[in-house]
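*Asks:* The sequence isn't on hand, but the structure is:
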């Protein structure tokens, strides 16, 4: 009766006061427990076992239970529990396997009461029965749980969890006979205290050890468990099969979990490693902690709510040797700092967008989502507890579907199909491509093509063209004077000078005008070109004046200079010739002064190199500033396009420019572009274009793509069955498979056959045959065609 | 690396290790079973359906094969007996059974096979349909139980690296449920199966093996207690007693094992042995990568210190501690000295009592008292 009355007074005096405070302990704490009336707390650790009184402003050390001459291993506590009925009774679990009870009512200094040394390995947990005074439960590393009657010298019953270490044992709050045990192998077992032979129920709760469990103080069936897999799970045990009803994902393995009193959905957790904070979670919102206590500097090892009916005080012990009392009002609320707006792109370009409701309602201009503006209010609690200091947040989720047309790749397909990459002179290719781009409303690309044409349509690509276009204008022949000076005999030098100087005079005017034209068009991509050119021009002019003498030596007829260039070079051939041309060595070898296109490249580009400055001036004024001058810019432009995602442009230009630019860009980059473009083309099923690109590419890695995995299956032309690899005779019909339809001999070289009727023969024979006949030579009646 | 250890067997190793204090006679005490016939040794049997990963497990754990290389392992077609006792503390034989072993084959001597077996590991491929495996498990286990009821039955739910977390639990639950139901139907409730989720691509296989092996070590409670005392008096956070070759921990203190710490310690052993292989051997290539002089300290930049020291020929103590605790290195060294002595005594006693039931409490009491005096 006396006990009952004390209980009621403890409940009645529900006016606990205090503030957030802490005190230093001498050693790291392993566990803490609070006495029923919430005035004292016991701290236990490997080297500490003390009782502190909780006063208004501070902790006051009341009692040190570690007494005696020599520290006994029995004082090295892994866990401690203060009896919730009997305020003088404590129990500790020792790391050496002893379970010790302490009676604070003892008059002597040593308060040790009973000592049970039945466990072989460390006892991880002790637990008093919530209502029964003399019943104590222990769980040990050796896999056994033992129930002690404190009136007896030894355990009453032993429960075998079957060889796995027990991490936690907890008596159920409501069921008198039930307790839960959690194990290192991830299992949770439910036992009836009266039935030690077999557990009532077992289920796998976590992957990896389950470190802790806690029964809900009010709800009969709820059990919270925390494990090394960083999760806190709440199980409904009332159903036949344990059902996971809530799951909270934390950032570190969960060491302790404690339900918050008077709050149905709240629980506090602390972690075992890495994370030093204590979190209070609302289990209905498992993504963000409801409150956080960040005071500890090291791992928190014990948490307990100070009073079992007061949700505002939390006590915690830590490895950093401090004991804290946390006030709930001082906790940080991560929710307040969390950004309530969220934005996410879907795979198909949809956009989901969650925002605070107050914000969205003010936005009147917002267009509702066509398929019904889907709004999901979340972060809102259905029954907001008025006592809760908790902002009622609700957000709306809007989903915007992308307009599929906006990001469709039609332009890509069209461009890929329409672009011409080869087969025509360079300028035409450029013009054509520019036109294609223009039609597809891509002016920048179009302009780029035009620019390229202007930059590179020099005598270099096609002298014949130059001739035809420029008519009587002589080719500008320019060359590096350096070479002349160093290698050529004086005569040759003279000859050249004459030629050049003359042209120089002639072309000064048109050259200038041409360049200025260029500049106007160039605005967009290469504004810097103009000025530099002019500057050079000026400089060269001066030079010219300095050496007027040279110009006068004009004796050799110019014809000699022009004779060679007019030869109609094939575009491709020219390209092949070119790369070596800029090398001065080659020029040295070429004795004849026919310089024409090739040399133009060298001179004007590198005025600095030249030894004799006289001749320099002339090519600079010509309209034919050599293409490679622009190479760095073009290279940059290509990289720019590639980085913009328009690898198509990069590759197309690369192919069209061919050798002009190829040397400028390193092979790996080129290969990368090619691969990307080919991949894209194949995704759009543009096989032909892809094949063309592969064929035209100059990278060996790309061109060999076509040579892999190309299999040719041969069918017999008689029986139309597949042929075996060997020989000329079909296995089935015993006939020569590849007989020429004209001469009836076996074809052992080039074999041409009609894809329609599969007849064919020697290339020559068929060609001849089809010149005169339109039908198949085999007489099958098929109208064969040879193109 | 295995070669190094194999060289260090028996006669050769005695001369090499003679310099260590008192290790000469201790080593003799430590391997009393080397002289006994091999059949009396406890065995670990690896069983399971074909292609469930048995050989891979064995190779990865005991032969340091990299997990990726196991892809190229041929499937085993005869019983493969692997004696690792010469190189490892774990004084066991691992028997790798081919998946298609037929128990009803008259040549299959279940009596001989199961008699001296300490643990039977049954491997189930979690990525496969495990119904057939469960049937085989039931058959194997009930058969083995009839012959020798003292076998520890361990079930590795293997290859879980391919499963999601939820799926893992669900699989474990399902396997557990079905296997135990089958046993209950057969009236074998007494037979206990332990389940582990394992994968060779992380350390879970090592942890599972550690637990299997720990169950077979009678001295475990004493070792654990010694570790507890050692770490609480030296300010150490976590200590493992490792078998160096296999990186199995045969004991740790009673605080929960964190995967990261364990992996860290495993890596440290690798580092030490590898470095020692390069620089620690004698001129002529003789010597051992791990001997009584082995000691390593690694300071991490997060104020954590790793400390490794030789305990016995096969065992190393690996500790994780804070930098500030490491300032008292002298104390740690002295405590370690006491700890090492105690461990040696534990195994000495173990060898004296060999054959009879070993009583840990009596001897550990003495040990602990001595230790306390030391501290």
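*Replies:* Received the coordinates, thanks. None of these values were measured; they are calculated from a predicted model.

*Asks:* Which neighbouring elements make contact with the one helix or strand residue A:765 maps to?
*Replies:* Secondary structure assignment for residue A:765, by DSSP states H and E: helix A:763-772. For helix A:763-772, the elements it packs on are strand A:751-753, judged by 3 or more Cβ pairs under 8 Å, 6 or more residues apart in numbering or on different chains; DSSP states H and E. All C-beta spots, glycine's among them, are computed from the backbone N, C-alpha and C.

*Asks:* related to what we said a few turns ago, name the residues of the helix holding residue A:765 that come out as buried.
*Replies:* Neighbour-count burial for helix A:763-772 flags A:765, A:766, A:769, A:770 (criterion: 16 or more other Cβ atoms under 10 Å in any protein chain shown).

*Asks:* Now do the same contact list for the third one.
*Replies:* Just to be clear, that refers to residue A:769. Counting by Cβ atoms under 8 Å, 6 or more residues apart in numbering or on different chains, residue A:769 makes contact with A:741, A:742, A:777.

*Asks:* Distance check, it against residue A:783.
*Replies:* 13 Å (Cβ to Cβ, to the nearest Å).

*Asks:* Same check on residue A:244?
*Replies:* To residue A:783, residue A:244 is 75 Å away according to Cβ to Cβ.

*Asks:* ok, these two, which is more surrounded?
*Replies:* A direct count of neighbours by other Cβ atoms under 10 Å in any protein chain shown for residue A:244 and residue A:783 places residue A:244 higher, at 15 against 11.

*Asks:* and that one, what are its bridge partners?
*Replies:* The partner list for residue A:244 in beta bridges (DSSP bridges) reads residue A:235.

*Asks:* That one touches residue A:233, doesn't it?
*Replies:* Yes: Residue A:244 is within contact range of residue A:233, at 5.4 Å (criterion: Cβ atoms under 8 Å).

*Asks:* what's the burial count for residue 269?
*Replies:* Because you didn't say which chain, this covers chain A. 26.

*Asks:* nope, chain B please
*Replies:* Residue B:269 is flanked by 23 other residues according to other Cβ under 10 Å.

*Asks:* show me the contacts for it.
*Replies:* Per Cβ under 8 Å, 6+ apart, neighbours of residue B:269: B:242, B:244, B:247, B:308, B:316, B:318.

*Asks:* Chain B against chain A: which residues are in contact?
*Replies:* Contact residues, chain B versus chain A (Cβ under 8 Å from any Cβ of the partner chain): B:152, B:165, B:168-169, B:172-173, B:176, B:189, B:192, B:194-197, B:215, B:220-221, B:224-225, B:228-229, B:232, B:253-254, B:256-261, B:360-361, B:368, B:372.

*Asks:* out of those, which are inside helices?
*Replies:* B:165, B:168-169, B:172-173, B:176, B:215, B:220-221, B:224-225, B:228-229, B:232, B:259-261, B:360-361, B:368, B:372 (DSSP state H).

*Asks:* Which members of these are classed as buried?
*Replies:* Taking 16+ other Cβ under 10 Å as the criterion, what is buried in those is B:168-169, B:172-173, B:176, B:215, B:220-221, B:224-225, B:228-229, B:232, B:259, B:261, B:360, B:368.

*Asks:* still on that earlier bit, ok, and the most crowded of the contacts of residue A:769?
*Replies:* Ranking the contacts of residue A:769 using other Cβ under 10 Å puts residue A:741 first, with 23 neighbours.

*Asks:* Looking at the buried residues of helix A:763-772, which one is closest to residue A:437?
*Replies:* Each of these was checked against residue A:437 using Cβ to Cβ; the closest is residue A:770, at 41.2 Å.

*Asks:* measure the closest one to chain B for me?
*Replies:* 58 Å (Cβ to the nearest Cβ, to the nearest Å).

*Asks:* for the record, mean pLDDT for the helix holding residue A:765?
*Replies:* What helix A:763-772 shows for mean pLDDT is 82.

*Asks:* Give me the phi and psi for residue A:259.
*Replies:* For residue A:259, the backbone dihedrals (degrees, to the nearest 10) come out as phi -70, psi 140.

*Asks:* Tell me the backbone dihedrals of residue A:744, please.
*Replies:* According to degrees, to the nearest 10, residue A:744 has phi 60, psi 20.

*Asks:* Please read the previous query as pertaining to residue B:301.
*Replies:* When read as degrees, to the nearest 10, the backbone of residue B:301 gives phi -80, psi 0.

*Asks:* Distance check, residue A:412 against chain B.
*Replies:* Going from residue A:412 to chain B by Cβ to the nearest Cβ gives 37 Å.

*Asks:* Read off the pLDDT value for that residue.
*Replies:* The score at residue A:412 is 82. That number is its pLDDT.
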